[in-house]
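Peer 1: sequence first, then the predicted structure, then my questions.
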Amino acid sequence: MSIAKPIDFEDRKVTTLRLLQMKKAGVKISCLTAYDYTIAKILDNAGIDLILVGDSLGNVVQGNDTTISVTVDETIYHTKAVVKACERALVVADMPFMSYQVTGDEAFRNAGRMMKETGCTAIKLEGGASVAPAVKRMTDSGIPVMGHLGLTPQSINQFGSYRARGTNPDEAEKIKNDAKILEDAGAFAIVLEKIPANLGREITEMLSIPTIGIGAGSQCDGQILVYTDMLGLTIDFNPRFVRRYANLQETVNNSIGEYIKDVKASSFPSSEESY
Ligand code: KIV
């Protein structure tokens, strides 16, 4: 009689299949964003399961108020750097606003470019029923797709605010329906952003693919945060779903202050630091 070997979820490259196995086994999925090689290398070495090159790069890297202006070329540039750093983490590239909404062909071509030019494993896009045909075409052709429901920042100008979504029965029902539609279209996981914890739990129980929460409660199959928020590099953004694990703003600020002092006092470099 052969006894099935238990899966070691830590051992090798994370795949979309591995994420499904993690959901089934009740092993939570850890996810963070990254936009460059150095940070991605640190996250990968630390054992993060999934790195999203989010269109939040529009805020974090480019200093914009919204994610709207991010382009496919910019996403490809950042994703290439992140992919180079990752030996284990699964890398997902975020499709920018209007790179998948205009026509099915354009969505398909852009997703293909992002996969071919970066070496990422999957793409992510926002929306439910309206993007399902694009999701189906991509997944039928070997492009793994991660969905994104609830608060969808690319629709900020449509909604006018970043308030929580799914807080009334109609909205909650629509998000649930959209989640099922995305699963049926072949998505391998769905990000649920800023929805009530109960709704996050309901959707997680309803789907066989993993849910990744950001402000969607603890019952999701995994969690994602923007790395600059959780490390305290961004201090002007304080939603309640962010837990700060460090105050790097303060650490960096103090270090830069020390460096300036040393340079002004000619105490840097020392003779040991000179040739
Ligand atoms: O762009 C992004 O960083 C995201 C995550 C916050 C889910 O979409």
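Peer 2: Received, thanks.
Peer 1: please name the nearest non-neighbouring residue to the residue of the stretch 51-200 of the chain found nearest the ligand.
Peer 2: In the stretch 51-200 of the chain, the residue that lies nearest the ligand is residue 54 (2.3 Å; CB to the nearest ligand atom). (C-beta placed from N, C-alpha, C; glycine too.) Of all residues not flanking residue 54 in the chain, residue 33 sits nearest, at 4.4 Å (CB to CB, 6 or more residues apart in numbering).
Peer 1: is it true that that neighbour touches residue 55?
Peer 2: No. Using CB atoms under 8 Å, residue 33 is not in contact with residue 55, being 9.6 Å away.
Peer 1: how far does the helix or strand that contains residue 173 sit from the chain's center?
Peer 2: Per DSSP states H and E: residue 173 is located in helix 169-185. Relative to its parent chain, helix 169-185 has a centroid offset of 20 Å by CA atoms, centre = their mean, to the nearest Å.
Peer 1: next secondary structure after that helix?
Peer 2: Next element after helix 169-185 (DSSP H and E): strand 189-193.
Peer 1: okay, the angle between that following strand and helix 169-185?
Peer 2: Interaxial angle of strand 189-193 relative to helix 169-185 (axes from the mean of the first three to the mean of the last three CA atoms, to 10 degrees): 160 degrees.
Peer 1: so is strand 189-193 next to the ligand?
Peer 2: Yes. Shown here: strand 189-193 in contact with the ligand (CB under 6 Å from any ligand atom) through residue 191.
Peer 1: can you offset everything so residue one is 72?
Peer 2: I'll keep to 72 as the first residue from here, and by that count the last item is strand 260-264.
Peer 1: ok, then the element right after that strand?
Peer 2: The C-terminal neighbour of strand 260-264 among helices and strands, as given by DSSP H and E, is helix 268-277.
Peer 1: and the residue of the stretch 122-271 of the chain closest to the ligand, how many neighbours?
Peer 2: Using other CB atoms under 10 Å, the number of residues around residue 125 comes to 27.
Peer 1: and the strands in the chain?
Peer 2: Using DSSP state E, the strands of the chain run over 100-104, 121-124, 161-165, 193-195, 216-221, 260-264, 282-285, 293-296.
Peer 1: so of those strands, which one's packed in deepest?
Peer 2: Stretch with highest mean neighbour count among the strands of the chain: strand 121-124 (a mean of 29; mean count of other CB atoms under 10 Å).
Peer 1: in its sheet, what does that strand sit against?
Peer 2: Here strand 121-124 has these sheet partners by DSSP bridges: strand 100-104 (parallel), strand 161-165 (parallel).
Peer 1: report the angle between the last one and strand 216-221.
Peer 2: Put plainly, it is strand 161-165. 60 degrees.
Peer 1: next, the angle from the helix holding residue 244 to helix 268-277.
Peer 2: Inter-element angle recorded for helix 240-256 and helix 268-277: 30 degrees (by the same axes, to 10 degrees).
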